[in-house]
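1. Next input, structure requested:
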Amino acid sequence: MSERIHGEEPLNREPEIMKLSSAFITEDGYDRNHCPQPATEQLDPRTHRVHIDGCVRNPLALSIANLRSDFPQHEIVCALQCAGNRRHDMRTVVKEVQGIDWSDGAVMNCRWRGPLLKDILEKADIIDLDAGDDAHVAFASFQVECQDDSWYGASIPLSRALDLDKEVILALERNEKPLSVRHGYPVRIIAPGLAGARAVKWLDRITVQKKESQNHYMQRDYKALPPQATDSASAEKYWSVTPAVQEMPVNSVISSPRTGDTVKRDNYGKVECYGYALPSGDGGPVVKVEVSTDGGHTWTKARLEHHDEEGKWTWKFWRAKIIVPPGQPRVIFSRATDASGQTQPDLPPWNLRGVCYNGYGEARDLTIQ
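-> Reported below is the predicted structural model:
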């Protein structure tokens, strides 16, 4: 299977799954955009500024040089995942949904480096503000007009932004190189454990405020609406009362074999399968992956591969050899469990936008020889 191009303008694509699963650190990451990419000349690091305003005593206008030299640099290795990753599975296993038909390649696991958001907010000196769920730190990019709004924005709870253990950064580098324009050059937000929609690219404003971002993509997208919202009309009354997606759920994917494959057993009647697994929000790391060949009645523990840079926020690669009787159609399932005890369900609740799908990883309609 080749890479999947879901749109050229704006660019939305995911890499081929076998290539994606071949390296712990991702070089070819997915692309998710709601607008055209800004022109390179529009993003001059000498003139670009990130403005910090809102409920602060000391508003700032930080250059890229400021972000590099005025604050300690923090490196994290973490997975970044589109909230719509595996939407195709919800669409085909449960029922039709709205949105780009993402398969399971809308994820990447990278090294990110830049100053901590906490340090920047402390320099801006937040005005006495309740750091409860209602107080948010909003991120914005006004570089290019979007499909459904004139700018792109998102926000996260202020409590998370100020928590050193959450490691939210303004990323200047990806995999030890300056960000590419595709991935947010010259600076973007990286909030480990949260949906990629909150990791605003081409960042130019950070606002401390008493409520979450009012941008379209925070208020009317990236929400797991209740099942009663069955179409755009019936969804109207639920947008304002449904929380925006923040933390992503525990998940796993079977990279090989793939649905529809013909697979040869080895001399012991076994089939090798492998894939990746992701922890829930703050619940990492992944501690167990299991596979089933009988519809989830019994499970066999997979071997978790070790990598020196793995941690709370990273994905895990897993591999298993399992006995599968010959014939077709056969199905293999996978399920992951993380350190917090969160385990994949067989099927999560359906939602109109098809976000946060984490039903069992699957390879269906297999022919076993």
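2. how about the most centrally placed residue in the chain, phi and psi?
-> Nearest to the mean C-alpha position of the chain, by Cα atoms, centre = their mean, lies Q81 at 1.6 Å. Reported as degrees, to the nearest 10, the phi and psi values for Q81 are phi -130, psi 130.
3. Now it. Nearest residue, chain neighbours left out?
-> V107 (4.3 Å; Cβ to Cβ, 6 or more residues apart in numbering). Placement of C-beta: from N, CA and C, glycine included.
4. so where's this structure uncertain?
-> Applying pLDDT under 70 to the chain flags the ranges 1, 130-133.
5. hmm, try it at 90
-> 1-2, 40-41, 128-134 (pLDDT under 90).
6. still on that earlier bit, could you check how far the residue nearest to the centre of the chain is from T293?
-> 27 Å (Cβ to Cβ, to the nearest Å).
7. got it, and W315?
-> Taking Cβ to Cβ, one finds W315 at 23 Å from T293.
8. before we move on, back to that, list the contacts of the residue nearest to Q81.
-> L20, Y30, A79, L80, Q81, C82, N85, Y276, L278, W315 (Cβ atoms under 8 Å, 6 or more residues apart in numbering).
9. let's go with 10 Å and repeat that
-> Applying Cβ atoms under 10 Å, 6 or more residues apart in numbering to V107 gives the contacts 14-15, 20, 26, 29-30, 79-82, 85-86, 196, 248, 251, 253, 276, 278, 315.
10. which strand of this protein spans the most residues?
-> strand 327-338 (DSSP state E).
11. before we move on, the earlier item: which of W315 and T293 has more residues huddled nearby?
-> Using other Cβ atoms under 10 Å as the criterion, W315 and T293 rank with W315 on top: 29 against 21.
12. Could you list the buried residues of the following helix or strand past the longest strand of the chain?
-> Heading C-terminal from strand 327-338, the first helix or strand you meet, by DSSP states H and E, is strand 361-368. Residues G361, E362, A363, R364, L366, I368 are the ones in strand 361-368 that count as buried (16 or more other Cβ atoms under 10 Å).
13. Surely the fifth one is in contact with V324?
-> Read that as L366. Yes - here L366 reaches V324: they are 7.7 Å apart, a contact under Cβ atoms under 10 Å.
14. what's the longest strand of the chain packed up against?
-> Helices and strands touching strand 327-338, by 3 or more Cβ pairs under 10 Å, 6 or more residues apart in numbering; DSSP states H and E, are strand 251-256, strand 262-263, strand 270-278, strand 286-292, strand 316-323, strand 361-368.
15. same thing but at 8 Å, please
-> strand 251-256, strand 270-278, strand 286-292, strand 316-323, strand 361-368 (3 or more Cβ pairs under 8 Å, 6 or more residues apart in numbering; DSSP states H and E).
16. right, so these: which one is the most enclosed?
-> strand 251-256 (a mean of 25; mean count of other Cβ atoms under 10 Å).
17. Just the angle for it relative to strand 327-338, thanks.
-> Angle, strand 251-256 to strand 327-338, by axes from the mean of the first three to the mean of the last three Cα atoms, to 10 degrees: 140 degrees.
18. Run through who's touching strand 251-256.
-> 17-18, 20-21, 85-86, 104, 272-278, 286, 289, 318, 332, 334-336, 344, 358, 360-363.
19. Tell me how far the residue of the chain positioned farthest from its centre lies from K321.
-> Distance from the centre of the chain peaks at N267, with 39.1 Å (Cα atoms, centre = their mean). Using Cβ to Cβ, N267 is found at 12 Å from K321.
20. got it, and S22?
-> From S22 to K321 the distance is 19 Å (Cβ to Cβ).
21. now swap in Q42 and tell me
-> Computed as Cβ to Cβ, the Q42 to K321 distance reads 51 Å.
22. And the contacts of stretch 2-12?
-> Under Cβ under 8 Å, 6+ apart, the answer for stretch 2-12 is 13-16, 31-37, 100-103, 105, 147, 182.
23. repeat that with 6 Å
-> For stretch 2-12, the external contacting residues (Cβ atoms under 6 Å, 6 or more residues apart in numbering) are R13, E14, P15, E16, D31, R32, N33, C35, P36, I100, S103.
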